[in-house]
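Undergrad: from the sequence below, what's the structure:
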Amino acid sequence: APGGKTGHLLEAAAVELLALDSDGERLNKVAGNLTRLGLTAELKSADAAVLDAWWDGRPFDRILLDAPCTGSGVVRRHPDIKWSRRPTDIGQFAAQQSRLLNALWLTLAHGGKLLYATCAVFREENHEQIAAFLARHRDAQSLPLVELDTIDGQIIPDDFHDGFFYALLAKI
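TA: Okay, here's the model as predicted:
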């Protein structure tokens, strides 16, 4: 990390991949990790919700939104999160996630799929976020997660792994 999911996608399939991150320094680390792995992708430093800053208008077939979140699912490995977060952070992250979902949905091709992922366990960032999105977007359909052991998309943290949430959405 950073760039672990990007690297995994590039290793798993022959794809043309664009990776966005609003943090230029983090993106430089992604570039270094991809170079080390012998992988290539187009990397852009931009706020994904500001489409004019990065999108060329060509729709995407697949989108992975690794959404900024409270990190509440990784407290086991990063206990400082418990002390550095404030109650208002959940709402702020949820608003940012909603903004990203709405913007990226515009870039998804008809018939395309968007995988929404967080390392959070709060309903506001996960189940409630997706329910609100589906209510706003009649052209969105939630798809089942195949071969993923979750409880309604949620992986609960335990001694062996972090907590995550996934929702697979199709544009119909």
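Undergrad: okay, CA-based contacts and neighbour counts for the rest of this
TA: OK.
Undergrad: buried set for the longest helix anywhere in the chain?
TA: Selection of the longest helix in the chain by residue count, based on DSSP state H, yields helix 87-107. Neighbour counts over helix 87-107 (16 or more other C-alpha atoms under 10 Å) mark 90, 93, 94, 96, 97, 98, 100, 101, 104, 105, 107 as buried.
Undergrad: by contact count, what packs against that helix?
TA: Counting contacts by 3 or more C-alpha pairs under 8 Å, 6 or more residues apart in numbering; DSSP states H and E, helix 87-107 is packed against strand 60-66, helix 127-136.
Undergrad: okay, and the beta partners of the residue most central in space within the chain?
TA: With distances taken as C-alpha atoms, centre = their mean, the residue of the chain nearest its centroid is residue 66 (1.6 Å). Note on residue 66: beta-bridge partners residue 117, judged by DSSP bridges.
Undergrad: could you check the pLDDT of it?
TA: For residue 66, the model assigns a pLDDT of 97.
Undergrad: okay, now the domains of the protein?
TA: By the assignment in the TED database, the chain contains the domains 1-45, 59-171.
Undergrad: mind checking which of the ones you listed is nearest residue 51?
TA: domain 59-171 (7.2 Å; C-alpha to C-alpha).
Undergrad: so how far is the closest one from its chain's centroid?
TA: 6 Å (C-alpha atoms, centre = their mean, to the nearest Å).
Undergrad: check the separation of the first and last residues in that domain.
TA: Length of domain 59-171, first residue to last, C-alpha to C-alpha, to the nearest Å: 12 Å.
Undergrad: looking at the domains of the chain, which is buried most?
TA: Scoring the domains of the chain by mean neighbour count under mean count of other C-alpha atoms under 10 Å gives domain 59-171 as the most buried, with a mean of 17.
Undergrad: can you give me the strands for this protein?
TA: With DSSP state E as the criterion, the chain has strands at 18-21, 42-45, 60-66, 108-118, 140-143, 154-155, 164-171.
Undergrad: for those, which has the smallest mean pLDDT value?
TA: Lowest mean pLDDT of the strands of the chain: strand 154-155, a mean of 86.
Undergrad: let me have the strands of the chain in JSON lines, extended by distance to residue 30.
TA: Formatted as JSON lines, those follow (distance: least, C-alpha to C-alpha, whole Å):
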{"stretch": "strand 18-21", "distance to residue 30": "9"}
{"stretch": "strand 42-45", "distance to residue 30": "9"}
{"stretch": "strand 60-66", "distance to residue 30": "14"}
{"stretch": "strand 108-118", "distance to residue 30": "18"}
{"stretch": "strand 140-143", "distance to residue 30": "30"}
{"stretch": "strand 154-155", "distance to residue 30": "26"}
{"stretch": "strand 164-171", "distance to residue 30": "21"}
